[in-house]
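Trainee: can you look at this prediction? I've put the sequence above it.
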Amino acid sequence: MAALNPLKFLQEVRQEVGKVTWPTRNETLVSTVMVLVMVVIASFFFLAADQLISWLVQLMLSIR
């Protein structure tokens, strides 16, 4: 097993970070807006599904 050298590790980390392609400000903004829109759509979908299931259960339990 190789000896751990913190200085060498940090140098390698810095090299790898330099290879990363970071998103532009516009790409980050568009992605964020898309995520927020999908969260709102999913929230309304699950609200509607929950209300429908609740109504069906109440309907089934009220039948005697």
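Mentor: Perfect, thanks for sending it.

Trainee: only C-alpha atoms for contact and neighbour calcs from this point on.
Mentor: Will do.

Trainee: just how off-centre is the helix or strand hosting residue 56 within its chain?
Mentor: Assigned by DSSP states H and E, residue 56 belongs to helix 25-62. With CA atoms, centre = their mean, to the nearest Å as the basis, helix 25-62 stands 15 Å off its chain's centre.

Trainee: need the helix or strand of the protein with the lowest average pLDDT.
Mentor: One helix or strand of the chain scores below all others by mean pLDDT, DSSP states H and E: helix 6-19, with a mean of 92.

Trainee: so which bits of the helix holding residue 56 are buried?
Mentor: Neighbour-count burial for helix 25-62 flags no residue at all (criterion: 16 or more other CA atoms under 10 Å).

Trainee: for the remainder of this discussion, apply numbering that starts at 50.
Mentor: With the count now opening at 50, the last piece we talked about shows up as helix 74-111.

Trainee: what about that helix, average pLDDT?
Mentor: The pLDDT scores in helix 74-111 average 97.

Trainee: thinking again about what came up before, what lies in contact with the least confident helix or strand of the chain?
Mentor: The contact list for helix 55-68, computed with CA atoms under 8 Å, 6 or more residues apart in numbering, is empty.

Trainee: send me it as PDB with only the CA atoms.
Mentor: Extracted in PDB, the C-alpha atoms of helix 55-68 (Å, rounded to 0.1, in the frame of the first residue of the first chain):
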ATOM      1  CA  PRO A  55      -1.300  15.000   1.800                       C
ATOM      2  CA  LEU A  56       0.600  17.500  -0.400                       C
ATOM      3  CA  LYS A  57       0.600  15.200  -3.400                       C
ATOM      4  CA  PHE A  58      -3.100  14.500  -2.900                       C
ATOM      5  CA  LEU A  59      -4.000  18.200  -2.900                       C
ATOM      6  CA  GLN A  60      -1.900  18.800  -6.000                       C
ATOM      7  CA  GLU A  61      -3.800  16.000  -7.800                       C
ATOM      8  CA  VAL A  62      -7.200  17.400  -6.600                       C
ATOM      9  CA  ARG A  63      -6.300  20.800  -8.000                       C
ATOM     10  CA  GLN A  64      -5.400  19.200 -11.300                       C
ATOM     11  CA  GLU A  65      -8.700  17.300 -11.500                       C
ATOM     12  CA  VAL A  66     -10.700  20.400 -10.500                       C
ATOM     13  CA  GLY A  67      -9.000  22.200 -13.400                       C
ATOM     14  CA  LYS A  68     -10.400  19.600 -15.800                       C
END
